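Novice: sequence unknown, structure follows:
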């Protein structure tokens with residue numbers, strides 16, 4: 001199945017954020033998803049919005065948390081790792097950002113977009129893994145397109161993951 005993914009997670013604090021100084025040092029997250037499916041021509045085929053409320057930082061770093069959440073909202077299986085890394089990195093950044101230190105509930109907005117080819121439009125199942133065969137064309141264009149396709153995601157650095165693990169070992 002020919003499809004491309006785009007994911008971005010960022011802090012989103014409502015204007016009615018409640019200062020919780022002295023109430024609790026535990027951080028919880030409301031994770032708001034906007035999941036769009038686009039056809040090749042950029043036409044919007046579907047938009048879904050989902051919210052997962054009160055997800056603890058400890059749950060965010062557990063390996064089994066995201067697959068169960070993502071399966072509920074039909075995120076393609078081959079995108080799980082990239083989406084989980086985006087959310088984890090955003091959560092980690094928010095926990096250490098002074099502007100959120102007095103808040104116990106933080107909101108992460110996640111934009112997830114699937115762009116698929118027109119021949120796949122009739123298939124509502126997004127679970128096939130993209131074929132990455134070694135077919136070469138005369139001008140090397142396929143390699144350029146694949147390199148561009150994979151530049152959408154920036155995986156978390158190992159040092160960031162290690163620091164997050166250290167943080168959670170203190171909790």
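Specialist: Nice, I can see it. A quick note: this is a predicted structure, and the numbers were derived from the prediction, not measured. Numbering: from 1, shown residues only.

Novice: what residues sit buried inside stretch 41-56?
Specialist: Going by neighbour count (16 or more other Cβ atoms under 10 Å), the buried part of stretch 41-56 is 50, 52, 55. Just so you know, the C-beta spots here come from the backbone N, C-alpha and C atoms, and that holds for glycine as well.

Novice: give the helix, strand or coil label for the last one.
Specialist: Meaning residue 55. strand (DSSP: H, G, I helix; E, B strand; the rest coil).

Novice: for burial, what's the neighbour tally of the closest residue to it other than its chain neighbours?
Specialist: Residue nearest to residue 55 in three dimensions, not counting chain neighbours: residue 29, with 4.8 Å by Cβ to Cβ, 6 or more residues apart in numbering. Neighbour count of residue 29, defined by other Cβ atoms under 10 Å: 23.

Novice: just residue 10 next, same as before
Specialist: By the criterion of other Cβ under 10 Å, residue 10 has 13 neighbours.

Novice: mind checking which helix or strand it is in?
Specialist: Remark: residue 10 resides in strand 3-11, with elements defined by DSSP states H and E.

Novice: please apply the same query to residue 92.
Specialist: Here residue 92 is assigned to helix 80-95, by DSSP H and E.

Novice: which strands or helices does whichever helix or strand comes after that helix pack on?
Specialist: Once the chain leaves helix 80-95, the next helix or strand it forms, by DSSP H and E, is strand 105-116. On a contact count with 3 or more Cβ pairs under 8 Å, 6 or more residues apart in numbering; DSSP states H and E, strand 105-116 meets strand 3-11, strand 28-38, helix 80-95.

Novice: now mean pLDDT and distance to residue 67 too, for those, in TSV please.
Specialist: As requested, those are exported to TSV (pLDDT from 0 to 100; distance: least, Cβ to Cβ, whole Å):
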stretch	mean pLDDT	distance to residue 67
strand 3-11	93	15
strand 28-38	94	14
helix 80-95	94	6
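
Novice: returning to what we had before: take the buried residues of stretch 41-56 and write them to JSON lines, including distance to residue 83 and pLDDT.
Specialist: As requested, the buried residues of stretch 41-56 are exported to JSON lines (distance: Cβ to Cβ, whole Å; pLDDT from 0 to 100):
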{"residue": "50", "distance to residue 83": "12", "pLDDT": "95"}
{"residue": "52", "distance to residue 83": "12", "pLDDT": "95"}
{"residue": "55", "distance to residue 83": "14", "pLDDT": "94"}
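
Novice: format those residues as a markdown table; extra columns: distance to residue 43.
Specialist: Shown next, in a markdown table, are the buried residues of stretch 41-56 (distance: Cβ to Cβ, whole Å):
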| residue | distance to residue 43 |
| --- | --- |
| 50 | 22 |
| 52 | 28 |
| 55 | 33 |
